[in-house]
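[1] need coordinates for the following:
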Amino acid sequence: MPGEDTLTTVSMLPNELKNAKRLIYDNCGLALTNLKLNTASLEYEACSFELNSKKIQYRLSKITPRKTGQFVTIWKRNQDGITEPFDMSDDLDFIIIAAKREDDFGQFVFPKSILAEKGIITTNTNEGKRGIRVYPPWDNVTNKQAEKTQIWQTKYFFIIDDVNTASVDLIRKLLV
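    Numbering: from 1, shown residues only. The predicted structure is shown next:
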């Protein structure tokens, strides 16, 4: 894919991904391999990798000043270098979006099928999106649409901290 560079060492991982690997993935026996940094979207720590045999697209969401929640880009570049949404035919299993606010940190682990169902990934009948807003459980949403979105999104969210008991269980359920 245009704009991707292969990463060769764990020390080159984006910071939040490095923390998730150390605190969650390693504890679940998930081997992080085939790392590729997307240099066209460094602001969102965009990269792809595999967790065991699962193909992952990874992003870090950003807090925006005027709206609740966090924004994240989730596009790819086609062969002509033009941005477009991910598609059901793309070779990926999950999009993982890290969210951070002060001492709060966690990840959304969205299966491709759920993202297609929600209109985020392109299907035969619907064009997907190049970016979305995510609502971690620590955000107090202020409107009905954001509340509805937060409800479905938090089913795929886990907190990353020093304890991680529930997080490890959720990750195993989703990825193992």
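[2] for residue 123, give me its contacts.
    By CB atoms under 8 Å, 6 or more residues apart in numbering, the contact set of residue 123 is 87-88, 116. For the C-beta atoms, the positions are set from N, CA and C on the backbone; glycine is no exception.
[3] nearest to residue 109 among these?
    The nearest member of these to residue 109, counting by CB to CB, is residue 116 at 15.4 Å.
[4] name the helices or strands packed onto the one helix or strand that closest one maps to?
    Using DSSP states H and E, residue 116 sits in helix 112-117. Judged by 3 or more CB pairs under 8 Å, 6 or more residues apart in numbering; DSSP states H and E, the packing partners of helix 112-117 are strand 94-101.
[5] what does the strand it packs on rub up against?
    16-17, 20, 45, 54-61, 63, 70, 72, 74, 86, 105-112, 115, 134, 136, 138-139, 157, 174-175.
[6] keep only those of the residues you listed that are in strands.
    Among the contacts of strand 94-101, the ones falling in strands (DSSP state E) are 54-60, 63, 70, 72, 105-111, 134, 157.
[7] how near is the residue located most distally from the centre of the chain to residue 47?
    Relative to the C-alpha centroid of the chain, counting by CA atoms, centre = their mean, residue 80 is the outermost residue, at 24.6 Å. According to CB to CB, to the nearest Å, residue 80 stands 22 Å off from residue 47.
[8] same check, this time on residue 65
    Distance, residue 65 to residue 47, by CB to CB: 26 Å.
[9] so between those two, which is more surrounded?
    Using other CB atoms under 10 Å, the more surrounded residue of residue 65 and residue 47 is residue 47, with 25 against 4.
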